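*Asks:* Sharing a sequence plus its predicted fold:
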Amino acid sequence: MSMIQKSILGLAAALCFAGAHADTLAVYPNTSAIETNAVYQGTFNAGAGAGNVSFQLQGYNSLDGDNFYIDIFHFYVNGTELFSGTWDLGGGGADRVLLDLNGASVSHVGQTVDISVATSFVQGSNTVSFKYESPTTFEGSPRAGFQGLGDEGWGLNAATVTGNAVAAVPEPETYALMLAGLGALGFVARRRNAAR
């Protein structure tokens, strides 16, 4: 295989595999305390395909795990719930993962929970939603319901979304330049073959 052919194959391979790595699509600032029964949302653009959302939940005051005062965290991508759970973040109760569709990584230390959820994104605009609720009933038994920020709250730290960046559409001048370069490579290859 000639040097010119190798160069053309190398260029084609580079163009095909440019975007095979994960890009940081969004980083959200740490929040202050948020009431339960409130939603925090973020919207970002992505290329279609696999992605990941990593974040840390912060408990304030007496955020509860599974007890009479249960507080339940929910995570959604584009309106589909992928993960939920409840942890003792200062208010007692048992730690429980309630829904885990994609094998999330979860680490609970003190009043924080580090969570990493694998997901997939659609081409274009995507939305991630983080929500805590304080239900009045759970699994058929009465619960305390909403207590307010004076008693408990939650926050979001280090929320980072990774995945495929939206591919930039090249300007017509870029295509013209690339075609001219490929044409020049072809011209050199023909002259080289004719000289033999």
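*Replies:* Received it, and whenever you're ready, just let me know what you need.
*Asks:* Where do the domain boundaries of this structure fall?
*Replies:* Split into domains by automatic domain parsing, the chain comes to 22-163, 171-195.
*Asks:* what about the last one, average pLDDT?
*Replies:* Per-residue confidence for domain 171-195 averages out to 65 on the pLDDT scale.
*Asks:* ok, now the longest one?
*Replies:* Confidence over domain 22-163 (mean pLDDT, whole number) is 97.
*Asks:* Deepest-packed of the domains of the chain, please.
*Replies:* domain 22-163 (a mean of 17; mean count of other CB atoms under 10 Å). All C-beta atoms are positioned from the backbone trio N, CA, C, and that covers glycine.
*Asks:* and Ala194, which of the three is it?
*Replies:* Ala194 falls in the helix class when you classify it by DSSP: H, G, I helix; E, B strand; the rest coil.
*Asks:* which residues in the protein form helices?
*Replies:* 3-17, 172-195 (DSSP state H).
*Asks:* Leaving out sequence neighbours, find the closest residue to Gln56.
*Replies:* The spatially closest residue to Gln56, leaving aside those adjacent along the chain, is Asn157, at 4.0 Å (CB to CB, 6 or more residues apart in numbering).
*Asks:* quick one: contacts for that neighbour?
*Replies:* Asn30, Thr31, Phe55, Gln56, Leu57, Gln58, Thr112 (CB atoms under 8 Å, 6 or more residues apart in numbering).
*Asks:* ok, so of the residues you listed, who is nearest Thr86?
*Replies:* Leu57 (10.7 Å; CB to CB).
*Asks:* Quick check: the nearest residue to that closest one once chain neighbours are set aside vs Ala195, distance?
*Replies:* Here the nearest residue to Leu57 in space, its sequence neighbours aside, is Val113; by CB to CB, 6+ apart that works out to 4.4 Å. Plainly put, Val113 is 70 Å away from Ala195 if you go by CB to CB, to the nearest Å.
*Asks:* Same question for Tyr132.
*Replies:* 74 Å.
*Asks:* now swap in Ala165 and tell me
*Replies:* For Ala165, the distance to Ala195 - CB to CB - is 44 Å.
*Asks:* Please apply the same query to Asp95.
*Replies:* Taken as CB to CB, the span from Asp95 to Ala195 is 75 Å.
*Asks:* ok, now Ala118?
*Replies:* Taking CB to CB, one finds Ala118 at 56 Å from Ala195.
*Asks:* With Leu99 instead?
*Replies:* 69 Å.
*Asks:* do Gly148 as well
*Replies:* Gly148 is 85 Å from Ala195, by CB to CB.
*Asks:* Over to Leu57?
*Replies:* Where Ala195 is concerned, Leu57 sits at a distance of 69 Å (CB to CB).
*Asks:* likewise Asn157?
*Replies:* 66 Å.
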